Structure formats: structure tokens, C-alpha cells
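Student: sequence? don't have it. structure:
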């Protein structure tokens, strides 16, 4: 948010981080590519897909803004995400899951416009809008800045807007011209910001296909979001690199700036303990551990450049040894020969 100010048209929708493991707030969205996963509400710049703000859905523990705790659930999501952009003249595009007359009234009071599709059973829709229409017919009603328009295409399309009138525009489609409401044309052009970002994130993703912990999957997803946002800013200021080359250069710069020299662990000294020659020593089986058959590396074989594991050790010296002949060699002067 501190690095970039989005353009006027923004859109809100839900995204899905793919996850099929056990999780109390896992969601099923059949319209998404991965269908099962962790739902994230996101607000994006319509033209580029720049993810400006997001909210992870975690059931009753979802971190909504406390200012809107008395709002309906969908309005709470929208107002939480757009809160930093209120009173700045933005235009928000949203689908029928979020849209309501009450929500757009609240946005207008905060100098924010809204355009979206709407369900016919929403509270406050005039009866004149609920009439049956023939193909390409339209009907609209106005109340101050608010407009509700119903248009019959293959099926009824109900739109609500605070910046449009009920005018129709001609557009080219399938080698012919057709008429559509202006609000429908603008909605189709500006609603896909979240889908655009999802499409970008599908390529060059950082997360591995198999991640065993859901929080690691989320971490890698938001790391991918960070690199995508960085690339969008880079393009806005005139960058010429393609995304692959940008990511490679970004990785090199991050490693160069934040990497620390690797500190090698000190190797344990293999110098035998002096008491090995003056005390009584007996071989014993290595004490049980979570492993079925615990072993230690024989230090005498290791001196001879051999890799050999033994189930026996000298308890007093705490050293792994083969019972014969290494146990005898280690406890005599022959060890130095």
C-alpha cells in the first residue's frame, strides 16, 4: 500500500489458494480452477491486476475491520478491504455476491462509486424492475446517484451503478454489431482484476506442488503475490524486462543484499579419551531410541577411511565401536600405530 497508488478503477473478488488437506476453514468454489482451498478476498487494480489489499477467510476468526462489525458479512468484507481508499474518488467493480443497494449507498457517502451485477431478490429493488422482458429490452430506475438497470440478453442481467445512465452502446462482436448497456460494457472491461492476477500467479509460482503444511502454502503464495506486485510497479515505471528475467534478477539482488556467510559446524574431535587405557571398559549395546535399531559410526573404521555402523559402543567413552577387533584396538596403544 505504501509503495503504489492504484488507478481509479478497482475490483473485488475472491481468490483460492489450492489445498486439499485437512483444514477447518477450507472452501469449495466450483468456478475456480483449483476448486478446493483457502479463500482470500482481494481488491485489485482493474487494468493490471495489482493486488492492493487482501483478507484471508478463516471462518469466525476472520480479521474484519472493527469499524464494520455490525455490517452484513459481504458488506463487511468490501468495507474492510476498501477502507484505505475511501473518500478518494475510486470506482469499485463487484459481482452479485457482494452487491446491495445499502452497500452502494454507504460507498457514495464516502465519495466512492460502485458498479456491479445484482441478484433480483436483494432488498429494496423496485417492482418495476422485476417485470418480464423480451430479448434486448431494458428497463431502468433512478434514485439520486443510484441507477438499477435490467437488460434481457440470453437471460436477465441486473446491474446497479452510481456512474452510468441507461444508455446503450454498439460494440463489435462475432463480425457484427450488437447493442449493450454502457454499464455492462464497462463492467466486463473492469471486473477482471482478481482473475487477471490469478492468471499471472499461475505462471512462475514459487510454491512447490506438494507442501505438507497449509501455512507454508500460504507463505509461498503471498511471496508470489509480492514478486508479482513488484513486477507490476517495475512495468509502470518503464521497465523493459520480461517477467522471467525480472524474477531471476530480483532473486540475485535479494540474495546479494540479505545473505549471510554460512557458518560451518565444528567437527567433533576424534582424539581418543585418555582414560581409555587406564580404566575398565566393556562393550554394550547402544541404548534404545525412537529408531528401531540405533547405531553409531565406528571411530576406528573411520580412521581407516571405512564407513561402518555398529550397534555396540563403549558406554564409558561414549564412542561407537565394532565389538571385534575395533573395541580392543581403541583401548590399547595399537590405535596409534
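Tutor: Great, that's in hand. Just so we're clear, the structure is a prediction, and the values are computed from it rather than from any experiment.
Student: can we go C-alpha only for contacts and neighbour counts from here?
Tutor: Will do.
Student: Name the helix or strand for the spatially most central residue of the chain, please.
Tutor: With distances taken as CA atoms, centre = their mean, residue 221 lies nearest the centre of the chain, 3.6 Å away. Following DSSP states H and E, one finds residue 221 within helix 214-236.
Student: Pretty sure the residue nearest to the centre of the chain sits against residue 16.
Tutor: No: assessed by CA atoms under 8 Å, residue 221 is found out of contact with residue 16, at 10.2 Å.
Student: Give me the three-state assignment for residue 184.
Tutor: Here residue 184 takes the helix state, with states given by DSSP: H, G, I helix; E, B strand; the rest coil.
Student: Walk me through the domains of this protein.
Tutor: Taking automatic domain parsing as the domain assignment, the ranges for the chain are 9-113+170-236, 277-336.
Student: a markdown table for these, including mean pLDDT and distance to residue 143?
Tutor: Rendered in a markdown table, the data for those read as follows (pLDDT from 0 to 100; distance: least, CA to CA, whole Å):
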| stretch | mean pLDDT | distance to residue 143 |
| --- | --- | --- |
| domain 9-113+170-236 | 89 | 10 |
| domain 277-336 | 82 | 73 |
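Student: so which of the ones you listed is the most packed in?
Tutor: domain 9-113+170-236 (a mean of 17; mean count of other CA atoms under 10 Å).
Student: re the thing from before, show me what the helix holding residue 221 is packed up against.
Tutor: strand 9-18, helix 193-202, helix 243-258 (3 or more CA pairs under 8 Å, 6 or more residues apart in numbering; DSSP states H and E).
Student: Just send those back as JSON lines, with distance to residue 24 too.
Tutor: Converted to JSON lines, the helices and strands packed on helix 214-236 look like this (distance: least, CA to CA, whole Å):
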{"stretch": "strand 9-18", "distance to residue 24": "14"}
{"stretch": "helix 193-202", "distance to residue 24": "24"}
{"stretch": "helix 243-258", "distance to residue 24": "34"}
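Student: nearest to residue 41, of these?
Tutor: Each of those has some distance to residue 41 by CA to CA; the shortest is strand 9-18, at 4.4 Å.
Student: Now do that closest one against helix 193-202, angle only.
Tutor: Relative orientation of strand 9-18 and helix 193-202, computed by axes from the mean of the first three to the mean of the last three CA atoms, to 10 degrees: 40 degrees.
Student: What's the first helix or strand after strand 9-18?
Tutor: Proceeding N to C from strand 9-18, the next assigned helix or strand is strand 27-28, under DSSP H and E.
Student: residues in contact with that following strand?
Tutor: When contacts are defined by CA atoms under 8 Å, 6 or more residues apart in numbering, strand 27-28 is touched by residues 35, 36, 37, 38, 39.
Student: returning to that earlier point: which of the helices and strands packed on helix 214-236 sits closest to residue 184?
Tutor: Each of the helices and strands packed on helix 214-236 has some distance to residue 184 by CA to CA; the shortest is strand 9-18, at 14.5 Å.
Student: related to what we said a few turns ago, what is the nearest of the contacts of strand 27-28 to residue 12?
Tutor: Using CA to CA, the shortest approach to residue 12 within these belongs to residue 39, at 13.2 Å.
Student: could you pull out the helices for the protein?
Tutor: 73-82, 101-109, 182-190, 193-202, 214-236, 243-258, 299-303, 326-330 (DSSP state H).
Student: Redo these as TSV? Include distance to residue 9.
Tutor: Converted to TSV, the helices of the chain look like this (distance: least, CA to CA, whole Å):
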stretch	distance to residue 9
helix 73-82	12
helix 101-109	14
helix 182-190	7
helix 193-202	9
helix 214-236	16
helix 243-258	24
helix 299-303	69
helix 326-330	78
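Student: Select, out of the ones you listed, the one closest to residue 148.
Tutor: With respect to residue 148, and counting by CA to CA, the nearest of the helices of the chain is helix 101-109 at 9.2 Å.
Student: which helices and strands does that closest one pack with?
Tutor: Secondary-structure packing of helix 101-109 (3+ CA pairs under 8 Å, 6+ apart): strand 113-117.
Student: which residues touch the strand it packs on?
Tutor: 89-96, 99, 104, 107-108, 157-163, 183, 187.
Student: ok, residue 328 to residue 306 distance?
Tutor: Look at residue 328 and residue 306: by CA to CA, to the nearest Å, they are 17 Å apart.
Student: Revised request: answer the last question for residue 170.
Tutor: As defined by CA to CA, residue 170 lies at a distance of 83 Å from residue 306.
Student: Not counting its neighbours along the chain, what's nearest residue 183?
Tutor: Of all residues not flanking residue 183 in the chain, residue 164 sits nearest, at 6.0 Å (CA to CA, 6 or more residues apart in numbering).
Student: And the pLDDT at that neighbour?
Tutor: Each residue has a pLDDT score; the one for residue 164 is 88.
Student: That one - how many residues pack around it?
Tutor: 19 (other CA atoms under 10 Å).
Student: Next up, the contacts around it.
Tutor: The neighbours of residue 164, taking CA under 8 Å, 6+ apart as the test, are 147, 182, 183.
Student: so what's residue 313 bridging to?
Tutor: The residues listed as beta-bridge partners of residue 313 by DSSP bridges are residue 284, residue 320.
Student: didn't it look like it was pressed against residue 320?
Tutor: Yes: under the contact definition of CA under 8 Å, residue 313 touches residue 320, with a separation of 4.2 Å.
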